Every structure is written in C-alpha cells, then in structure tokens.
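> My questions are about this predicted structure, shown below with the sequence.
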Amino acid sequence: MEATIAFPLLVGLVAVALFFDFLNGLHDAANSIATIVSTRVLRPHCAVFWAAFFNFIAFLFFGLHVAETVGKGIVDASIVTPAVIFAALVGAIVWNIVTWVAGIPSSSSHALIGGLVGAGVAKAGTGAIVWSGLGKTVAAIVLSPATGFVLALVLVLIVSWLFVRQTPFAVDNTFRVLQFFSASLYSLGHGGNDAQKTMGIIAVLLYSQGALGPTFHVPLWVVLTCQSALALGTLLGGWRIVHTMGSKITRLNPMQGFCAETGGAITLFAATWLGVPVSTTHTITGAIIGVGAARRVSAVRWGIAGNIVVAWVVTLPATAAISALTYLATRLAA
C-alpha cells in the first residue's frame, strides 16, 4: 500500500465515489420505474419518489456481501491506492455520462467493475485481478438477463393461465394494484445490489489508508451515505433511458409490467444474497424482452435490444481502458 494521504484528499475521493453512486441512481432510475411508468400505473414523478424510498431502505433487507465482493473480490485489496480508486471512478463516471446522454441503458455496475480492473492492471499487472470474483461477475453479464428473461416469460405464462377466464378489464385493474408491489420489490433489489458497489469502493479506500483497522468491513455511515446518494439520483430520474426501457423495446400492459418487475426482482434478490454484483439494467431488460417474447417474438424490437447488448459488451473494456489511461496520467502528473 502507498503511504496514507491527507484527510482532505481522502474526503474528496469519498465524495467522488458518492457522486458516482448518485449518477448510478440517475442512470439506473429507469430500471426501477420504466415498467410502472410505461403502463401508466404511476406518473413519472410519483414513480421516482416510490423507487427512491425503496432504494434507500434496501440496506435493512440485505447483507453486505456485494460490497465485500467489490471491495476485495475484484482486484487484490493490497494493491488498492487512492490513485487506483480515483482512476476506476473516473472511468465509470465518464462512461455513465456518455451513455446517459445517448439514452443507452448500459450497466453502471459493470462500468465500475471495468474501471477497477483497468486501474488495477495499470498499477500491478494482471496479477492484481482476483479471477474468481471477476469470473462470477462476468458470468452474471449473461446469466442475469437470461434469468430475468426466463422468469418473466414463465410468470407471463402462469398468470395468463390463472386469469384466462377473467375479462381484460378485470385483469388490467388487478395488476395495476399488484404492480405497486412488484415495482417496490424491484426497487429494493436495485438499492440492495447497486448501492453496495459504491460501499465496497469506499470501504476498500478507507482500508487501504488504515482507517478501518486490520479487518476489512463496511462502516454504517458508509452504508447510509451510499443508500442516500443512490436514492437521490433515482429521485432526479433518467428520463431518456425510461423511454428506451419502457416503450422502445416492447409495449407493456400492467400484467406484463408486473411479470417483468417480479422476474427481475427475484433475480436481483438471489444475486445480492450470493454477493454477485449484477447489472440491474441487464436484468430488467432481459425481463422486459421475456414478457414481450411471451406475447409474440415480433413484439420485441430486436434491433433496439441488439444495440443495448452491444453497449453491454463494450462497457467492461471501454471503462477498463479509460481507467487505465487515467491511472497512468495521474502517475505521470504526480
């Protein structure tokens, strides 16, 4: 580890991490509210308040397994320095801003993971990577949307069978109510998985500076500030991405919205309990495609979905490159 840095610089780096967390909420607000907005169950501004509340209280329902994975399970904690953290955050923030402006629902989670890997490799080579942790994170790029897809598809089939004798009007009214619960569950899953990634970054930064003592852990104040930053970002919303997620991929009714959110929520709950940092964007997109495909394959705008997949594939190498260059630039400037 490098020598400890001045307290104001440490505070500044924590502030940059919280800014990333805020952007994560801003960028990923659509993940929590796209379906409930597109089905007109809630107006956009009501929906973001709803989602932000459940984003904030998520820490009451989950452990901190994801934070521990990000903090010490992607790159070796012993090589982490303030410069590595700064470079990782710059890469993730730049990518988030670029994709937010373009209205592309890319993954803030994988932007951060890519940033950590790029900065870690720039400092210490590939030996810095904890391959087991990175491996399960990369596997989740495929597994989380696939799981969301399958669960949402199965839920649509089950619900359609259970309500086959009901009128469309009755089904619509029932699922307008149920979608409040499914949206709440998805927002809990979003807050539980995504806020923990920034917790892990801040905790490993503090650990590298000796501020946590000999044992890596996540202090309560880190938990509360990260949940608050994510919820505030969600509160301000990401309306460009809401449009893409809620209507461009496929048109949704309340029953389909319920199935997409529930399938996505189950996926996020399982991943968070297992300590896997997954992408909420990937998960809900897979679930939305699943409910569209259950209606008919042509209901999904596969061209739009394909563009989103390309953004997913590019995210890890792009952020790794940006962060590596940032780290090298900071070393030259030092």
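Everything's here; your move.
> from memory residue 287 sits against residue 144, does it?
No - contact between residue 287 and residue 144 fails when scored by C-beta atoms under 8 Å: they sit 9.8 Å apart. C-beta here means a position set from N, CA and C on the backbone, and glycine is covered the same way.
> Please identify which of those two sits among more neighbours.
Just comparing residue 287 and residue 144: by other C-beta atoms under 10 Å the higher neighbour count belongs to residue 287, 33 against 29.
> Quick check: next helix or strand after the helix or strand of the chain with the lowest mean pLDDT?
Here the helix or strand of the chain ranked lowest by mean pLDDT, DSSP states H and E is helix 239-243, holding a mean of 53. Helices and strands here follow DSSP states H and E; after helix 239-243, the next one along the chain is helix 254-274.
> quick one, whatever helix or strand comes next after that following helix and helix 254-274 angle?
Using DSSP H and E, the helix or strand that follows helix 254-274 towards the C-terminus is helix 280-295. Between helix 280-295 and helix 254-274, the angle comes out at 140 degrees (axes from the mean of the first three to the mean of the last three C-alpha atoms, to 10 degrees).
> how near is residue 44 to residue 33?
The gap separating residue 44 from residue 33 is 7 Å, by C-beta to C-beta, to the nearest Å.
> quick one, which of those two is more surrounded?
Comparing residue 44 with residue 33 by other C-beta under 10 Å, the one with more neighbours is residue 33, at 31 against 15.
> secondary structure element for that one?
Using DSSP H and E, residue 33 sits in helix 7-38.
> Now do that helix: which elements does it pack against?
helix 44-56, helix 82-102, helix 108-124, helix 168-208, helix 220-236, helix 239-243, helix 254-274, helix 280-295 (3 or more C-beta pairs under 8 Å, 6 or more residues apart in numbering; DSSP states H and E).
> low-confidence ranges in the stretch 101-250 of the chain?
Applying pLDDT under 70 to the stretch 101-250 of the chain picks out residues 104-105, 237-250.
> Tell me how many other residues crowd residue 328.
There are 15 residues near residue 328, going by other C-beta under 10 Å.
> Then residue 236?
Counted with other C-beta under 10 Å, residues neighbouring residue 236 total 13.
> What of residue 67?
Count around residue 67 with other C-beta under 10 Å applied: 30.
> again with the one 5 residues further on
When neighbours are defined as other C-beta under 10 Å, residue 72 has 19 of them.
> Now do the contacts for the nearest residue to it once chain neighbours are set aside.
Excluding its sequence neighbours, the residue lying closest to residue 72 (C-beta to C-beta, 6 or more residues apart in numbering) is residue 216, at 5.7 Å. Contact analysis of residue 216 by C-beta atoms under 8 Å, 6 or more residues apart in numbering lists 68, 71-72, 77, 203-204, 207.
> picking that back up, as CSV, the helices and strands packed on helix 7-38 with distance to residue 9 would be great.
CSV is the format used below for the helices and strands packed on helix 7-38 (distance: least, C-beta to C-beta, whole Å):
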stretch, distance to residue 9
helix 44-56, 28
helix 82-102, 7
helix 108-124, 17
helix 168-208, 11
helix 220-236, 18
helix 239-243, 33
helix 254-274, 32
helix 280-295, 31
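> Out of those helices, which gets nearest to residue 148?
Nearest to residue 148 among the helices and strands packed on helix 7-38 is helix 280-295; the distance by C-beta to C-beta comes to 3.7 Å.
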